[in-house]
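Asks: predicted model follows, preceded by the sequence.
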Amino acid sequence: MTEFIPPATRWIDLPSPFAMKRGGTLHGARVAYETWGELDAARSNAILIVTGLSPDAHAASCAADPTPGWWEAMLGPGKAIDTGRWFVVCVNSLGSCKGSTGPASLNAATGCAYRLDFPDVSIEDIADAAAHVVRALGIERLACVIGNSMGGMTALALLQRHPGLARSHVNVSGSARALPFSIAVRSLQREAIRLDPNWNNGGYDEATYPESGMRIARKLGVITYRSALEWDGRFGRVRLDSDQLDEDPFGLEFQVESYLEGHARRFVRRYDPNSYLYLSRSMDWFDLSEGNGGDVLAALAGLRVERALAIGARTDILFPVEQQEEIAEGLALGGADAQFLGLESPQGHDAFLVDFDRFGPAIRGFLDAL
């Protein structure tokens, strides 16, 4: 995989050794991050964004890199997350292949990529690494931590493991633990990668990248990121034109198939398969109530934030909106001024990445009131 790191990206070294929750340590590890806006004199206007599985730290454009970021419409001067007021930090997850240390990174002890020698990664490890970045930047307390999708899990783990690090929290299409349906989908994605002969027990290279496995894994993901309502409205049963048909037996015939194929091909070779496996599994393992008798509401009530917003799309099947409702309920039990907002977006789990007319005002309103 050819790695591209945006020019605005910077790095912070993690403590060495960096102990992982499930055993093992990292030496010489680092986390990629980007920032926007200015930190005020009291260092009180900082917002941390923790991301889903695939994004890098480049959430929005900046002077050093005018390329649009993955949350460009949400973050910037005058936008929902107003960098005229806030100093915003976005970190790339530990274990990723987008700048932070992960399975594709060089292991200094061997001179080769870690591959499957990389220690097991948990959501809690990702949270600890993000918390270290915050403190290394001289920030004692965040005004808010915002987590999207997998980042919603990371944000909750950060609040649990680093009490007092954030005054408020916005959980966007996240959850306090993985549900069986989500685990099942991710299990199939990982199986598709592992059964590709080119995966070679993690020992692939540029010439033998497990493209078929990654294509199937990505297609499965994209199917769950959007809703049946959107699939029907966007594609219906429209067939491909004759010059677009795949002439192979049982080849592509419908526009929806062609869309999935194109989306998958744009993703492969831009993401490391082993990183995909590690981070996917970290979500399945995550349960905020672990060690708390399985009582999720009690675990959420134990988190200490002043205000919170848990928001999601009612058509989300991967992180159902009931999970965001549960987050708000649990945080409220702990004394937070917590609000739940389920939006009537047709775009499923990916709504927070595309439905800015609904998500933008809600997040802006919450932050404006801080």
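Replies: All right, it came through fine.

Asks: tell me which residues in stretch 223-233 are buried?
Replies: Residues 223-227, 230-231 are the ones in stretch 223-233 that count as buried (16 or more other Cβ atoms under 10 Å). Every residue, glycine included, has its C-beta placed from N, CA and C.

Asks: again with stretch 60-68
Replies: Buried, per 16+ other Cβ under 10 Å, within stretch 60-68: 60-62.

Asks: which non-adjacent residue is nearest the residue positioned nearest the centre of the chain?
Replies: Closest residue to the average C-alpha location of the chain: G52 at 0.7 Å, with Cα atoms, centre = their mean. Computed as Cβ to Cβ, 6 or more residues apart in numbering, the closest residue to G52 that is not its neighbour in sequence is S149, at 3.6 Å.

Asks: please apply the same query to G334.
Replies: Nearest non-adjacent residue to G334, counting by Cβ to Cβ, 6+ apart: A301, 3.7 Å away.

Asks: just confirm the one you found contacts A338, I think it does.
Replies: No: counting by Cβ atoms under 8 Å, A301 does not reach A338; the two are 10.3 Å apart.

Asks: so F254 bridges to which residues?
Replies: On the basis of DSSP bridges, F254 is bridged to R239.

Asks: ok, which stretches of the stretch 101-250 of the chain are strands?
Replies: Secondary structure of the stretch 101-250 of the chain (DSSP state E, counting those that start in this stretch): strands at 106-107, 112-113, 144-148, 168-172.

Asks: how about those strands, which one is nearest F267?
Replies: Proximity to F267, assessed across the strands of the stretch 101-250 of the chain by Cβ to Cβ, is greatest for strand 144-148 (17.8 Å).

Asks: follow-up on the earlier one: give me the subset of the buried residues of stretch 60-68 that lies in helices.
Replies: Among those, no residue falls in helices (DSSP state H).

Asks: and which of those residues is nearest to M214?
Replies: Distances from M214 to these, taken by Cβ to Cβ, are shortest for A60, at 27.0 Å.

Asks: picking up where we left off before, which of the buried residues of stretch 223-233 sits closest to E325?
Replies: S227 (17.8 Å).

Asks: the closest one and L318 touch, don't they?
Replies: No: with contact defined as Cβ under 8 Å, S227 does not count as touching L318 (10.1 Å).

Asks: shared neighbours of the two, anything?
Replies: Taking Cβ atoms under 8 Å, 6 or more residues apart in numbering as the contact rule, S227 and L318 both touch G348.

Asks: low-confidence ranges, this protein, go.
Replies: For the chain, the stretches with pLDDT under 70 are 1-3, 243.

Asks: kindly recompute the last result at 90.
Replies: 1-8, 108, 227-231, 233-235, 238-255, 257-259, 263, 268-269, 291-293 (pLDDT under 90).

Asks: picking that back up, tell me which of A301 and A338 has more neighbours.
Replies: A338 (23 against 17; other Cβ atoms under 10 Å).

Asks: in this structure that one contacts R307, no?
Replies: Yes: using Cβ under 8 Å, A338 is in contact with R307, at 7.3 Å.

Asks: domain parsing for this protein?
Replies: Following automatic domain parsing, one gets these domains for the chain: 10-179+288-368, 183-276.

Asks: return the most buried member of those domains.
Replies: Of all the domains of the chain, domain 10-179+288-368 has the most neighbours on average by mean count of other Cβ atoms under 10 Å, namely a mean of 20.

Asks: now do the end-to-end distance for that domain.
Replies: Taking Cα to Cα, to the nearest Å, the first and last residues of domain 10-179+288-368 lie 28 Å apart.

Asks: what do you get for stretch 83-90?
Replies: End to end - Cα to Cα - stretch 83-90 spans 13 Å.

Asks: neighbouring contacts of that stretch?
Replies: 33-40, 45-51, 57-60, 75-78, 81, 133-134, 137, 139, 143, 367.

Asks: follow-up on the earlier one: most widely separated two among the buried residues of stretch 223-233?
Replies: Maximum pairwise distance among those (Cβ to Cβ): 12.0 Å, between T224 and E230.

Asks: now the common contact residues for those two.
Replies: By Cβ under 8 Å, 6+ apart, the residues touching both T224 and E230 are G348.

Asks: so which of the buried residues of stretch 60-68 is the closest to S282?
Replies: Of the buried residues of stretch 60-68, the one sitting nearest to S282 (Cβ to Cβ) turns out to be A60, at 25.3 Å.

Asks: so who does that closest one touch?
Replies: Here A60 is in contact with 36, 68-69, 71-72, 74-76, 83 (criterion: Cβ under 8 Å, 6+ apart).

Asks: can you tell me the element the residue lying closest to G138 once chain neighbours are set aside falls in?
Replies: In space, and not counting its chain neighbours, G138 is closest to R43: 6.2 Å by Cβ to Cβ, 6+ apart. Using DSSP states H and E, R43 sits in no helix or strand.

Asks: please tell me how far R43 sits from A298.
Replies: For R43, the distance to A298 equals 33 Å [Cβ to Cβ, to the nearest Å].

Asks: R265 is in contact with I216, isn't it?
Replies: No: using Cβ under 8 Å, R265 is not in contact with I216; the gap is 11.8 Å.

Asks: circling back: and the residue nearest to the centre of the chain, its phi and psi?
Replies: The phi/psi pair for G52 (degrees, to the nearest 10) reads phi -70, psi -170.

Asks: end to end on stretch 221-231, go ahead and measure it.
Replies: End-to-end span of stretch 221-231 (Cα to Cα): 14 Å.

Asks: again, but for stretch 348-365
Replies: 22 Å.
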